[in-house]
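**Student:** how would this look folded up:
(one chain, ligands or ions: 1)
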Amino acid sequence: MNNKLRKTENLLSKQIGIIEKFCNLCKIIKPVSDFSFKKTVLSGFVPRSACKACRVLEAKNWRTKNPQKSIEYFKVSSLKNPNKHKEWLKKSYQKRKENLSDSYVKDLLIHKTTLTRSQIPIELVQAKQVQLQIKRFLENQNEKR
Ligand SMILES: [Zn+2]
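**Tutor:** Next up, the predicted model:
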């Protein structure tokens, strides 16, 4: 999360006087900065009932359970807000690239082949991840010199 957003959330939590909050899903008391806020008409900003980590997990589970709906939702949102969608795609790609996510590495491996992501064995993905980590490490060392 960017600093500006964090600042806003800290400010909001001070305004509503809550520092910690109980997450309804993982049943853990967490700092209020671990929760996102929703805007309500009556009380302004209130933290959501589940923490960010749980909400991310929940969304992931939903996508796995409803792949067709998920694709449709994705299409609709891309049509409604093409610019926002483009921005999101860009960010998501950057994140996958930074973290060397499985899907990013698979895309690298199938590039210029007729293979699909599902045909790439996980061992190959892991080996490629290590190779990329070494490459990045060496590049970093070079820059420092
Ligand atoms: Zn939680």
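
**Student:** The helix or strand harbouring Gln133: which residues count as buried?
**Tutor:** Element membership of Gln133, judged by DSSP states H and E, is helix 122-144. Using 16 or more other CB atoms under 10 Å as the test for burial, helix 122-144 gives 125, 128-129. For the C-beta atoms, the positions are set from N, CA and C on the backbone; glycine is no exception.

**Student:** would you turn these into a markdown table with pLDDT?
**Tutor:** Shown next, in a markdown table, are the buried residues of helix 122-144 (pLDDT from 0 to 100):
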| residue | pLDDT |
| --- | --- |
| Val125 | 96 |
| Lys128 | 96 |
| Gln129 | 96 |
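
**Student:** by contact count, what packs against the helix holding Gln133?
**Tutor:** Contact partners of helix 122-144 among helices and strands, from 3 or more CB pairs under 8 Å, 6 or more residues apart in numbering; DSSP states H and E: helix 102-110.

**Student:** gap between the helix holding Gln133 and the chain center?
**Tutor:** Distance, stretch centre to chain centre, for helix 122-144: 22 Å (CA atoms, centre = their mean, to the nearest Å).

**Student:** quick one: that helix to helix 102-110, angle?
**Tutor:** 90 degrees (axes from the mean of the first three to the mean of the last three CA atoms, to 10 degrees).
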